[in-house]
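**Student:** Need a 3D model of the sequence below.
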Amino acid sequence: MSSISTTDIHKIYDLLEYHKTQPGALLPILHGVQEELGYVPPDVVPMIAATLNQSNAEIHGVISFYHHFLAHKPGLNKISICRAESCQAMGSAGLEQSIKQRLDIDYHQTTQDGKYSLEPVYCLGNCACSPAIRIDDQIYGDMNLPKFNALLDALVTYTLELK
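**Tutor:** Numbering: from 1, shown residues only. Purely as a prediction, here's the structure:
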């Protein structure tokens, strides 16, 4: 279990013990693991499978089915691009391609420096200001590439100031 600490392993075992007898225990366990660690590490899958008497493939299937669950450690900042109809109609597909090129990653990936993860989202509730993106917990509307680049540059500057 090299990818997670001993402390985190104990937290996972506590989660497993707490939820294992509940009907439909898998989803609460996965939510708990992701809440604790920020993602569901591959090393945790066999622990969950053994506890619930399921196969690794069954657990992995649920993780990969629900886009909410991350199977890799997320970047320091999570960038989500809205792919709903309103944003698509206002040009989010072109913006999406430009952002992917700028970050040099695709959806469900993290930049090599670990700073950014890119995820699709299917509505940010900001349709009047399409296209929209979310960076961490902040939603930005009327997005275009120059605005995105300015936001990313400001985020880099802010991060450097915190160090």
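**Student:** Please count neighbours and contacts with C-alpha atoms only from this point.
**Tutor:** OK.
**Student:** What is the burial count for residue 115?
**Tutor:** 15 (other C-alpha atoms under 10 Å).
**Student:** Pull the contacting residues for it.
**Tutor:** When contacts are counted by C-alpha atoms under 8 Å, 6 or more residues apart in numbering, residue 115 touches 75, 76, 77.
**Student:** Closest one of those residues to residue 95?
**Tutor:** Checking these against residue 95 with C-alpha to C-alpha, the nearest one is residue 77 at 18.4 Å.
**Student:** and that closest one, what does it touch?
**Tutor:** Residue 77 makes contact with 115, 116, 117, 135, 136 under the criterion C-alpha under 8 Å, 6+ apart.
**Student:** same question, residue 24
**Tutor:** For residue 24, the contact set (C-alpha under 8 Å, 6+ apart) is empty.
**Student:** sec struct for residue 142, please.
**Tutor:** coil (DSSP: H, G, I helix; E, B strand; the rest coil).
**Student:** Tell me, how many residues neighbour it?
**Tutor:** Neighbours of residue 142 (other C-alpha under 10 Å): 16.
**Student:** ok, it touching residue 131?
**Tutor:** Yes - using C-alpha atoms under 8 Å, residue 142 is in contact with residue 131, at 5.4 Å.
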